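In: What follows is a predicted structure for the sequence shown.
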Amino acid sequence: MEKELLRSEKLKVIGKLASGFAHEIRNPLTTIRGFMQLYKETDDKKVDNYHYHIILSEIDRVNSIVEDLLTIAKPDREKEKTNVQMNDILVDTLYLFHSQAKTKNITTNYKLDPSLPHIYAEEKKLKQVVMNLIKNAIEAIHENGHIHVSSESVTEKEVQGIIVRIEDNGEGMTQETLDKLGSPFYTTKKDGTGLGLMTCFQIIEEAGGSIQVDSEQRKGTVFKIWLPLR
Ligand code: ADP
Ligand code: MG
């Protein structure tokens, strides 16, 4: 009886997730289709810059939704694990977002533990976590702000591990947002997917770690990731 109940609960969650994904994917597809229809009906076969950018960004959106879905669906794969240097991921990701940050007048800096130990994990997944958090930090700053990234080696309850902090002085979160953090499709952005943090929580949890969030409205946000070495 109990088992049956659990199963139907699970199916309910899966159903909710699936319809959410379907909805999120259909929105950009509808936009793209609309523009293509318009294009077909006009004699002037020139796609102007404005439409061109919207179509591209909507395609990117579908892609990132599918990417998140795949991450959630994929179980932890032992054979994908290697010894990963988190400092490299942090530096690479900040570099990746360099021009986006510059456009918004956001400065970045980092303080990395030079003797940070490697962790045994899936590098691609950890990259995805850092990318999601830095992207959110940039989006939380409307203009002129600062993002600080740091790493340190720690031992918690006799388990060796690392701590990564990603701090921004952006808009911060309301209590409601904090409470809903990590629920699928919860977003306060007009073009958000509300999947980034859910993916982050899932990846870090699977790696045996945890994520802590500290945020204050109009002050900023700190994401603190704890990861055991193995
Ligand atoms: P999305 O970025 O698509 O909205 P996320 O799961 O990445 O989805 O984030 C969910 C919500 O959490 C965001 O819409 C935003 O309200 C809040 N959030 C996440 N990171 C930050 C941050 N660094 N500062 C302020 N709010 C944030
Ligand atoms: Mg996000």
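Out: Yep, it's here. Residues are numbered from 1 along each chain as shown. Ligands and ions are numbered 1, 2, ... in the order given.
In: drop to CA atoms for contacts and neighbour counts, all remaining ones
Out: Will do.
In: ok, now which ones touch the nearest residue to residue 125 once chain neighbours are set aside?
Out: Sequence neighbours aside, residue 203 is the residue nearest to residue 125 in space, at 6.6 Å (criterion: C-alpha to C-alpha, 6 or more residues apart in numbering). Shown in contact with residue 203 (C-alpha atoms under 8 Å, 6 or more residues apart in numbering): 125-126, 129.
In: Closest one of those to ligand 1?
Out: residue 129 (9.8 Å; C-alpha to the nearest ligand atom).
In: I'd assumed residue 199 was in contact with the closest one.
Out: Yes. With contact defined as C-alpha atoms under 8 Å, residue 129 counts as touching residue 199 (7.5 Å).
In: tell me the pLDDT at the residue nearest to residue 125?
Out: With respect to pLDDT, residue 203 scores 91.
In: where exactly do the helices run in this structure?
Out: Using DSSP state H, the helices of the chain run over 2-41, 49-73, 86-96, 98-103, 123-140, 175-180, 196-206.
In: Contact partners for the residue positioned nearest the centre of the chain?
Out: Among the residues of the chain, the one closest to the centroid is residue 132, at 2.6 Å (C-alpha atoms, centre = their mean). Residue 132 makes contact with 196-197, 200 under the criterion C-alpha under 8 Å, 6+ apart.
In: ok, and which of those residues reach ligand 1?
Out: Among those, the residues within reach of ligand 1 (C-alpha under 6 Å from any ligand atom) are 196-197.
In: Out of the contacts of residue 132, flag the one nearest to ligand 2.
Out: Nearest to ligand 2 among the contacts of residue 132 is residue 196, at 4.5 Å by C-alpha to the ion.
In: Nearest residue to the closest one in space, ignoring adjacent ones along the chain?
Out: Leaving aside its chain neighbours, residue 196 sits nearest to residue 132 (5.7 Å; criterion: C-alpha to C-alpha, 6+ apart).
In: Around ligand 2, which positions in the chain sit nearby?
Out: Within reach of ligand 2 by C-alpha under 5 Å from the ion, the chain has these residues: 136, 196.
In: So the nearest residue to residue 202 once chain neighbours are set aside versus residue 53, what's the distance?
Out: Spatial nearest neighbour of residue 202, excluding adjacent residues (C-alpha to C-alpha, 6+ apart): residue 72 at 7.2 Å. Noted for residue 72: a distance of 29 Å to residue 53, by C-alpha to C-alpha, to the nearest Å.
In: Please identify which of those two sits among more neighbours.
Out: Remark: of residue 72 and residue 53, residue 72 carries more neighbours, 16 against 12, as counted by other C-alpha atoms under 10 Å.
In: Can you tell me how far that one is from residue 51?
Out: Note on residue 72: its distance to residue 51, by C-alpha to C-alpha, is 32 Å.
In: Also residue 85?
Out: Taking C-alpha to C-alpha, one finds residue 85 at 41 Å from residue 51.
In: show me where pLDDT drops low in the protein?
Out: The model of the chain has pLDDT under 70 over residues 1-5.
In: Near ligand 1, which residues of it are found?
Out: 136-137, 140, 171-173, 177, 181-182, 186-189, 192-198, 221.
In: Drop anything exposed from the residues you listed.
Out: Among the residues of the chain next to ligand 1, those classed as buried by 16 or more other C-alpha atoms under 10 Å are 136-137, 140, 171-173, 181-182, 186-187, 193-198, 221.
In: can you pull the contacts of residue 144?
Out: Residues counted as contacts of residue 144 (C-alpha under 8 Å, 6+ apart) are 104-107.
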